[in-house]
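# Return atomic coordinates for the entry below.
(one chain, ligands or ions: 1)
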Amino acid sequence: MSKTLRQPTLVLNRNWQPVNIASVARALILVWNDQARVVEPVNYQLYAWNDWASLDPGPDEPFIQAVSTRLRVPEVITLNRFDRLPTANVAFNRRNLFKRDRQTCQYCGTQPAADELTIDHIVPRAQGGLSSWTNCVLACVKCNHRKADRTPDQARMRLKHPPVQPGWNPGYWRHTRRIDSWQKFVSDAYWNSELEQ
Ligand SMILES: [Zn+2]
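Residues are numbered from 1 along each chain as shown. Just a heads-up that it's a prediction; the model follows:
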């Protein structure tokens, strides 16, 4: 994917409250699917796909070179129907699981070094448990040994948080570059408050 398509776009809900940050690629797909419209930060004008695609990028503006046209890069979009970003396909992999669980053992709450954390199947594979967002959590070596091939109930252990499928790319939000035009939509307090999943 090109660098431009990976740039961040601010996502607002129907009430123009920021709910997320998506890549430009994902933002354009949402607009293409009529799930969102592009917001022009200068005058707050809204653009559906056809209107947006018919605009010519200015000389200093980033653009995407499509087959026969240049597409302006959206900095802000607003969702048409949803108050949250439709669930993205966040890859189920070790790195994202570590981010979701904040490198914390979900049974005892310790934060050991990464190589002392294991991926625990809540319902063990031996009992038919799947490798999925909702059946896997991080567990320290000690808790994993203690739990062994049992469910938490069987092992009399308790999860700190219910394992959920993340609706966005974990960790992307806090580390992403912010774009000047977002200031109009987002207060400082907003950036600094704790996020709930
Ligand atoms: Zn533990």
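# Of all the residues in the lengthiest helix in the chain, which ones are buried?
Criterion DSSP state H: the longest helix present in the chain is helix 24-32. For helix 24-32, the neighbour count (16 or more other Cβ atoms under 10 Å) marks 24-28, 30-31 as buried. The C-beta positions use only the backbone N, C-alpha and C, and glycine is treated the same way.
# same check, this time on stretch 38-56
Here stretch 38-56 shows 38-41, 47, 49, 52-53, 55 as buried, counting by 16+ other Cβ under 10 Å.
# Please narrow the residues you listed to those residing in helices.
Going by DSSP H, the helices hold 49, 52-53 from the buried residues of stretch 38-56.
# near the ion, which residues of the chain show up?
105, 107-108, 140, 143 (Cβ under 5 Å from the ion).
# Greatest separation within those residues: which pair is it?
Taking Cβ to Cβ as the measure, the residues of the chain next to the ion span a maximum distance of 7.5 Å, between 107 and 140.
# Residue 181 and residue 43: what is the separation?
11 Å (Cβ to Cβ, to the nearest Å).
# what does residue 94 give?
Distance from residue 94 to residue 43, by Cβ to Cβ: 45 Å.
# cool, and residue 17?
20 Å.
# and if you look at residue 151?
57 Å.
# Lowest-scoring secondary structure element of this structure by mean pLDDT?
helix 172-175 (a mean of 50; mean pLDDT, DSSP states H and E).
# Buried ones among the residues of the chain next to the ion?
By 16+ other Cβ under 10 Å, these give 105, 107, 140, 143 as buried.
# about what we covered before: would CSV of the residues of the chain next to the ion with pLDDT and secondary structure be doable?
As requested, the residues of the chain next to the ion are exported to CSV (pLDDT from 0 to 100; DSSP: H, G, I helix; E, B strand; the rest coil):
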residue, pLDDT, secondary structure
105, 97, coil
107, 97, coil
108, 97, coil
140, 97, strand
143, 97, helix
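# What ranges in this protein fall below the confidence cut-off?
The model of the chain has pLDDT under 70 over residues 1, 82-89, 167-177, 187-197.
# make it 80
Low-confidence segments of the chain (pLDDT under 80): 1-2, 15, 17-19, 62, 64-69, 82-91, 165-179, 183-197.
# Thank you kindly, that will do.
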